[in-house]
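Undergrad: Just to be clear, the model below is a prediction. Sequence and coordinates:
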Amino acid sequence: MKRYIFILLASATLGLTSCSPFNVRSDYADTANFTTYKTYKLRIDDLKLNDIDKDRVLNELSKQLQSKGLQSGENPDLIINVKANHKKITDVTTSSPYGAWGWGGPFGWGIGMNRTWTSNYNEGAIIVDMIDARSNKLVWQGIGSGISVDRPQAKQKQIPEIMAEIMKNYPPQRK
């Protein structure tokens, strides 16, 4: 009995930990040798964020890179270019109550009325490009989207989370 409870708890934990509110993906150059990269330098020319969010992104990215064994340097192996953008999203929700056309149903004959709600919000994305400093070619790219741009408390929590999700795919696991 204890074994079955353990299996149930383990599968429930796996189910909860594998869910992410973000859409994260990455790609890499097959020819890149990621074991040779030891140093990096951040380039933020395209990082159009307010200073608070910029600090959050750069601090978390630096922390993630250092946890992967990379160190910041002036003569780097990798140039890390960070970009951010956002887009307007319109959600349309339609509900169809009981009482559809015809006879029967829970309320008998009649016409049901659909209700439609729309909500508009901004969704943010972060893009991390890793460029080989010697060849000046892109060797790895990670993209994460789904940040709630309009809610400051959400951004404060979500930026570190999405950066960790993006960097989870570096270095890539070759198949």
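TA: Yep, that arrived. Residues are numbered from 1 along each chain as shown.
Undergrad: From residue 174, how far off is residue 45?
TA: Note on residue 45: its distance to residue 174, by CB to CB, to the nearest Å, is 31 Å. Backbone N, C-alpha and C define where each C-beta goes, glycine included.
Undergrad: where are the low-confidence patches of this protein?
TA: Within the chain, the segments meeting pLDDT under 70 span 1-20, 86-91, 96-113, 119-122, 175.
Undergrad: Could I get the full set of helices for it?
TA: In the chain, the helices defined using DSSP state H lie at 2-17, 51-67, 152-167.
Undergrad: which residue ranges form the strands in this structure?
TA: 23-28, 39-43, 71-72, 78-95, 115-132, 137-148 (DSSP state E).
Undergrad: Sheet-wise, list the partners of the fifth one with their directions.
TA: Sheet partners assigned to strand 115-132 using DSSP bridges are listed as strand 78-95 (antiparallel), strand 137-148 (antiparallel).
Undergrad: what is the residue nearest in space to the middle of the chain paired to in the beta sheet?
TA: In the chain, the centroid-proximal residue (CA atoms, centre = their mean) is residue 144; its distance is 3.1 Å. Counting by DSSP bridges, residue 144 forms beta bridges with residue 24, residue 126.
Undergrad: Many thanks, have a good one.
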